[in-house]
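Enquirer: Prediction below, plus the sequence it came from.
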Amino acid sequence: MNACCSYRLLRSSAFVAAATLALFVSSLCATDQPAPTARDEELLAWSKDSAKVRLGKRLYAATCLQCHGDEKNGVDAPSNLFDTKWYHGSTPSKIEQNIAAGLLEKGMPAWRDALAGNDIAALTAYLLNRQPSPQAP
């Protein structure tokens, strides 16, 4: 390989490395969470209201417990709603939407016809209230 080809190879390798680094850094800076909406803020406030959380807990026991299990089940699975992993959206409004519309492809029914809107909000508040605290880095 002559000096000219070596230089071109080195230059193209440097370009690829720089582009890869730029993509990596931009992925670290990007958030995969949209900015909180007014509804997200409202549901988070509900999650701090003990009466709404108690209602949500009663509703969970009646409608969700059989499939999703107790909050202490510790199973690492999409059906565990008491860990920090949300497979279908983790914003409060997305959680509420999933409860209302269901995830039919996963076997979860839509609850919007069986429960009032405030009941679905209370269920969401209960789930949010029971989320583990984020781990410190």
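Expert: In hand now; what should we look at?
Enquirer: Quickly note the distance from the residue most central in space within the chain to residue 56.
Expert: Centroid-nearest residue in the chain, with C-alpha atoms, centre = their mean: residue 90, separated by 2.1 Å. Using C-beta to C-beta, to the nearest Å, residue 90 is found at 17 Å from residue 56. (Glycine included, C-beta is placed from N, CA and C.)
Enquirer: what's near enough to touch residue 48?
Expert: The contact partners of residue 48, taken as C-beta atoms under 8 Å, 6 or more residues apart in numbering, are residue 129.
Enquirer: which SSE is it in?
Expert: Of the helices and strands defined by DSSP states H and E, none includes residue 48.
Enquirer: Quick check: residue 54 vs residue 46, distance?
Expert: Distance from residue 54 to residue 46, by C-beta to C-beta: 12 Å.
Enquirer: Which residue of the two possesses the greater neighbour count?
Expert: Between residue 54 and residue 46, residue 46 has the larger neighbour count (other C-beta atoms under 10 Å), namely 23 against 14.
Enquirer: Show me this protein divided up by domain.
Expert: Listed domain ranges for the chain are 1-30, 38-129 (source: automatic domain parsing).
Enquirer: now the strands for the protein?
Expert: Counting by DSSP state E, one finds no strands in the chain.
Enquirer: Low-confidence stretches in it?
Expert: Filtered on pLDDT under 70, the chain yields the residue ranges 1-33, 133-137.
Enquirer: Where do the helices of it begin and end?
Expert: 3-29, 38-46, 50-63, 65-68, 92-101, 117-129 (DSSP state H).
Enquirer: mind checking how far the second one is from the chain centre?
Expert: Centroid separation for helix 38-46 versus its chain: 15 Å, with C-alpha atoms, centre = their mean, to the nearest Å.
Enquirer: Also stretch 109-126?
Expert: On C-alpha atoms, centre = their mean, the centre of stretch 109-126 falls 18 Å from that of its chain.
Enquirer: distance between the ends of it?
Expert: 19 Å (C-alpha to C-alpha, to the nearest Å).
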